[in-house]
Structure formats: structure tokens, C-alpha cells
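Trainee: coords please:
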Amino acid sequence: MKISTSFLFDRATERMSTIQNKLATTQAQLAVGKQILSPSDAPDQAAAIQRLKGEVQRQDSHMRTLQVAMRRYTAEETALSSSNDILIRMKELGLQAATDTLAPDDRKAIGMEMKALRDQLLSLGNTRDDSGNYLFSGTRVNTPAFAEDASGKVIYQGDQTQTRIPAGVERTVQFTRAGTDVFSRVVRDSPNQPSTSVGFFDALDQMIESIDASQTQKIQQGVADITQMHNNLTLAQAQNGSDQSVVQAQLDVLDETTLRIKSTLSEIEDLDYAEAVTRMNKEMMSLEAAMGSFQKISGLSLFDFIRG
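Mentor: Sure thing, here's the model as predicted:
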């Protein structure tokens, strides 16, 4: 059976073209580090890659939201802790000021320190997070929570709206807090009279006035008010700690889930460089051999082929 030179030529050309295409694909894969260069190369794998990438984006978005919340909680924790420390000091000063034997100059010095501590609490009530948003203004995050009016009375400028964010399956945590829930009103009980409530800073101002006026009974009421304030802030600290724990646990879950998804994505999408380099070397050797054969076939004449 005789085989035409043109047939051998076509076979050699086809083989060389096939090897060249494979080599070009491998080189392109190495250039981008991906197994799939076009969705049409592997439609099922390409669809899986897009689905996994979308899931990673959703996880990352949720994680960023929780990270913002965690930074906000950390700032809250510092403000609440500092506020409680100040209240503890104010209570100590109040107990000293309530002593009848205290010298007038000493009581005056206590009043001055109390005023400075009250101003520190006002500043802490207007604490901002790392984005410049006020922590205790509710949803009015661009407005200072507390401000003094023309008479020096502290007024609350935020709202009572509480924003919550998802933190796990069917669970949410508080994202914004109203200042009046943290620096809350105190309730005063009087015998045979209805209970009355007084604003946080109003109660402090009244106590400072009582110290300046040496009104022992009202100073004692102020000490009781500060005890309530301390208890309320302690509850706020406990809620803050609980929210931090929930958010951190969810961040850990998201981190683990994202890592697992990215690992699966890498298995489908990323190129095994060692295998690809080995394959490219084999393809280059095959191409070299094919080109050698092609050159030999191209040099054949009909007489050479018949003689062979």
C-alpha cells in the first residue's frame, strides 16, 4: 500500500498545529496562573467559579460590616469604662462632701473637681468612632449626642432609634445606641410621693450646686443618683461585652467559611504550576520532534519516496 507524500505532509502539519495549540494554551495558563482561560473552555467549572466568587464577595461584605461594628464597640467600651471610673471618683468626692465637718475650702475644691469630672463625662458622651461618627447619638451619627444650651443645661440631640445588624443565623446585635440609654435618667423615690426622674447631667449639676451650697442632704441624694448612674453604665458595659462576643464569634465563623470557599475556588480555578511547567516542557519536546519530522517529509520528492 502506497501512502502519498501529501498525506504524510498533511498529517505532520496537523500534528504540529495540535501541539502548537496545546503549547500556546499551557503558556497562556502559566501567564495568568489560571486553569480556565475562557468560560467556553469548561462551562461547568466556569459557572462554579462565578458562584464561589459571588459567595466570597457576600462573605467579605458581611465581614466588613461586622468589623466596623467591632471597632465601634471597642470605642464604646473605652468610653463606658472611662465614664464609670469617673463616676466612682465622683461618688468618693460626694461622700467626702457630705461630711458636716469638712472645711469650706475643702468642699470648694471638691466642687471644682466635680465640675471638671462632669465636663469629662460630657466629652465622653460625645465620643466618636474611627469614622468620625458619634457613638451615642442613635442614628444621628453626624450630630453630637450632648450639648450645652445658653444656660449651661445639657440637652440630648440624638434620637432614640436603635439600628441592629445581622450577626449569625437569626441573630442580630445593636449597632447604634441612644445616649439616653447609656447616660440615662435617674429615678428618685420620696416617701409618700410619686417617683420622679432627672436627667443624667441635670442630676450631676444639682449635686455640684449642693456641694457649693454645703447642702448635705442634697449631696447625699446626689451620691444615690451617682450609684444609679454607675449601675446603669455597668449594664451598658455588660451589653457591649455581650455584643462584642457575638460579633467576634460570627467573624470567626465567616473567616473559616471564607477560607474554605477560597480553598475550593483555588482547586477549581488556580493552576498547578509544577504540573503545567512539566507539561509545557513535554509539549516543547513533542513540538521539536514534530518539526523535525515535518522537515524530513517536506524534503521528500516523489522519486525519493518511491525509491524508499
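
Trainee: can you confirm Q160 is in a helix?
Mentor: No: Q160: not assigned to a helix; according to DSSP: H, G, I helix; E, B strand; the rest coil it is coil.

Trainee: can you pull up the bridge partners for the residue lying closest to it once chain neighbours are set aside?
Mentor: The shortest distance from Q160 to any non-neighbouring residue, by Cβ to Cβ, 6 or more residues apart in numbering, is to A178 (4.8 Å). Glycine gets a C-beta too; all of them are placed from N, C-alpha and C. Here A178 sits in beta bridges with S137, going by DSSP bridges.

Trainee: what about A178, distance to Q120?
Mentor: 21 Å (Cβ to Cβ, to the nearest Å).

Trainee: Check which helices and strands the helix or strand where Q228 lies is in contact with.
Mentor: If you go by DSSP states H and E, Q228 is part of helix 216-269. Secondary-structure packing of helix 216-269 (3 or more Cβ pairs under 8 Å, 6 or more residues apart in numbering; DSSP states H and E): helix 43-97, strand 172-174, helix 179-182, strand 186-190, helix 200-212.

Trainee: how does it look with 6 Å?
Mentor: Using 3 or more Cβ pairs under 6 Å, 6 or more residues apart in numbering; DSSP states H and E as the contact test, the elements touching helix 216-269 are helix 43-97, strand 172-174, helix 200-212.

Trainee: so which of those gets nearest L271?
Mentor: Distance to L271, taken as Cβ to Cβ, is lowest for helix 43-97 among these, at 12.8 Å.

Trainee: got the angle for the closest one vs helix 216-269?
Mentor: Angle, helix 43-97 to helix 216-269, by axes from the mean of the first three to the mean of the last three Cα atoms, to 10 degrees: 170 degrees.

Trainee: which residues sit against the helix or strand following helix 43-97?
Mentor: Using DSSP H and E, the next helix or strand after helix 43-97 towards the C-terminus is helix 104-125. For helix 104-125, contacts defined as Cβ atoms under 6 Å, 6 or more residues apart in numbering pick out 79, 82-83, 86, 90, 93, 97, 136, 145-146, 179, 183, 204, 208, 211-212.

Trainee: now do stretch 82-102
Mentor: Counting by Cβ under 6 Å, 6+ apart, 107, 110, 114, 117, 120-121, 124, 211, 216, 219-220, 222-223, 226, 229-230, 233 sit against stretch 82-102.

Trainee: Which positions in that stretch come out as buried?
Mentor: Across stretch 82-102, burial judged by 16 or more other Cβ atoms under 10 Å covers S83, N84, I86, L87, M90, K91, L93, G94, A97, A98, L102.

Trainee: what's the distance between the nearest residue to N232 once chain neighbours are set aside and L271?
Mentor: Spatial nearest neighbour of N232, chain neighbours left out: S184 (4.8 Å); criterion: Cβ to Cβ, 6+ apart. Taking Cβ to Cβ as the criterion, S184 is separated from L271 by 60 Å.

Trainee: same check, this time on T139
Mentor: From T139 over to L271 the distance is 48 Å, taken as Cβ to Cβ.

Trainee: quick one, which of the two is more surrounded?
Mentor: Set side by side, T139 and L271 show more neighbours around L271, with 18 against 15, by other Cβ atoms under 10 Å.

Trainee: That one against A31, yeah?
Mentor: No: L271 is beyond contact range of A31, at 9.8 Å (criterion: Cβ atoms under 6 Å).

Trainee: Tell me how far G158 lies from M70.
Mentor: Separation of G158 from M70 (Cβ to Cβ) stands at 22 Å.

Trainee: Which one's more surrounded, these two?
Mentor: Comparing G158 with M70 by other Cβ under 10 Å, the one with more neighbours is G158, at 23 against 16.

Trainee: pLDDT of stretch 154-167, averaged?
Mentor: For stretch 154-167, mean pLDDT is 89.

Trainee: And it, what's buried?
Mentor: V154, Y156, Q157, G158, I165, A167.

Trainee: Good, wrapping up.
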